[in-house]
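Student: Sequence isn't available, so here's the structure alone:
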């Protein structure tokens, strides 16, 4: 009897994982259909409503159904000024958390690598998200940042993105890409770090087998960019990353650098 118990637990985990995956895909699909319907019906005028109310409802529901207890900052904790929000990217859950945050006056950047998840892609279209090419498409990526810089300067919206970009999810802080910080420097906006805090056992990484638990989003002190320039940009990026690594090590007892 004792020998059979671990096998039963493994099978139970797999069943739960399949149920979680199915639940997530169904809600994503419902959200996508509703988002696209409202977008087309309103000729795009309801895009902000979809982004601020419709998709956050479904994303919060997905997180709840996955056993994630989300703790987020109050709306008044976000600055009223136009900023660049950056966050550490350790799990696919971040896609749902970004929308569940409902940060006023923001747009977000998401990798084109997510476009193969059709319901997610359709919802992102309805939100008018900015689709960033992966690093292997260098020319397309350069063009993306050139256009985004013009749009960002002209708009009143803040942006939220992860400088870690597309990578294999692990329990650490990945190297930071330069493009998003060049955007912030050239736009002359300050940077507000958001720390996505989830314990290793509560992080699904790239699967659906994980323990239910808390996912805490914390705002950290604003980083001013007045003295940023091309000559010190790499140093400034390293300083921003050190803000995340220090917080990560403090929260998780790790020693990453």
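Tutor: Ah, there it is. Being a predicted model, the structure only gives us computed values, none of them experimental.

Student: C-alpha from now on. contacts and neighbour counts both.
Tutor: OK.

Student: Can you report phi and psi for residue 215?
Tutor: phi -130, psi 110 (degrees, to the nearest 10).

Student: what sits opposite it in the beta ladder?
Tutor: Beta-bridge pairing of residue 215 under DSSP bridges involves residue 70.

Student: And it, what's its pLDDT?
Tutor: At residue 215, the model reports a pLDDT of 97.

Student: and the gap between it and residue 100?
Tutor: 12 Å (CA to CA, to the nearest Å).

Student: So between the two, which is more surrounded?
Tutor: Neighbour tally, residue 215 and residue 100, criterion other CA atoms under 10 Å: the higher count belongs to residue 100, 24 against 21.

Student: show me where pLDDT drops low in the protein?
Tutor: 1-10 (pLDDT under 70).

Student: Tell me where it has helices.
Tutor: 5-41, 47-49, 55-65, 93-101, 118-127, 138-154, 179-187, 233-252 (DSSP state H).

Student: Centre of the chain to the fourth one, how far?
Tutor: In other words, helix 93-101. Mean-position distance between helix 93-101 and its chain equals 6 Å (CA atoms, centre = their mean, to the nearest Å).

Student: Could you report the neighbour count for residue 55?
Tutor: By other CA under 10 Å, neighbour count at residue 55 equals 26.

Student: So it versus residue 198, what's the distance?
Tutor: For residue 55 relative to residue 198 (CA to CA), the value is 22 Å.

Student: Might you report the residue contacts of the nearest residue to residue 51 once chain neighbours are set aside?
Tutor: Nearest residue to residue 51, sequence neighbours excluded (CA to CA, 6 or more residues apart in numbering): residue 127, at 5.3 Å. Shown in contact with residue 127 (CA atoms under 8 Å, 6 or more residues apart in numbering): 47-48, 50-51.

Student: Adding neighbour count and distance to residue 15, write those residues out as JSON lines.
Tutor: Output for these, formatted as JSON lines (neighbours: other CA atoms under 10 Å; distance: CA to CA, whole Å):
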{"residue": "47", "neighbour count": "22", "distance to residue 15": "37"}
{"residue": "48", "neighbour count": "17", "distance to residue 15": "37"}
{"residue": "50", "neighbour count": "22", "distance to residue 15": "33"}
{"residue": "51", "neighbour count": "24", "distance to residue 15": "32"}
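
Student: Any chance of those residues in CSV with distance to residue 141 as columns?
Tutor: Output for the contacts of residue 127, formatted as CSV (distance: CA to CA, whole Å):
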residue, distance to residue 141
47, 25
48, 26
50, 27
51, 25
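
Student: Roughly how far does residue 214 sit from residue 170?
Tutor: 17 Å.

Student: residues touching residue 162, list them.
Tutor: So residue 162 contacts 86-89 (CA under 8 Å, 6+ apart).

Student: right, I mislabeled it, should have said residue 103
Tutor: Going by CA under 8 Å, 6+ apart, the list of residues near residue 103 reads 75, 78.

Student: what are the phi and psi angles of it?
Tutor: phi -70, psi 130.

Student: Minimum distance to residue 78: which of the helices of the chain has it?
Tutor: helix 93-101 (10.5 Å; CA to CA).

Student: For the closest one, which outside residues touch it?
Tutor: 51-52, 55-57, 59-60, 62-63, 72-73, 204.
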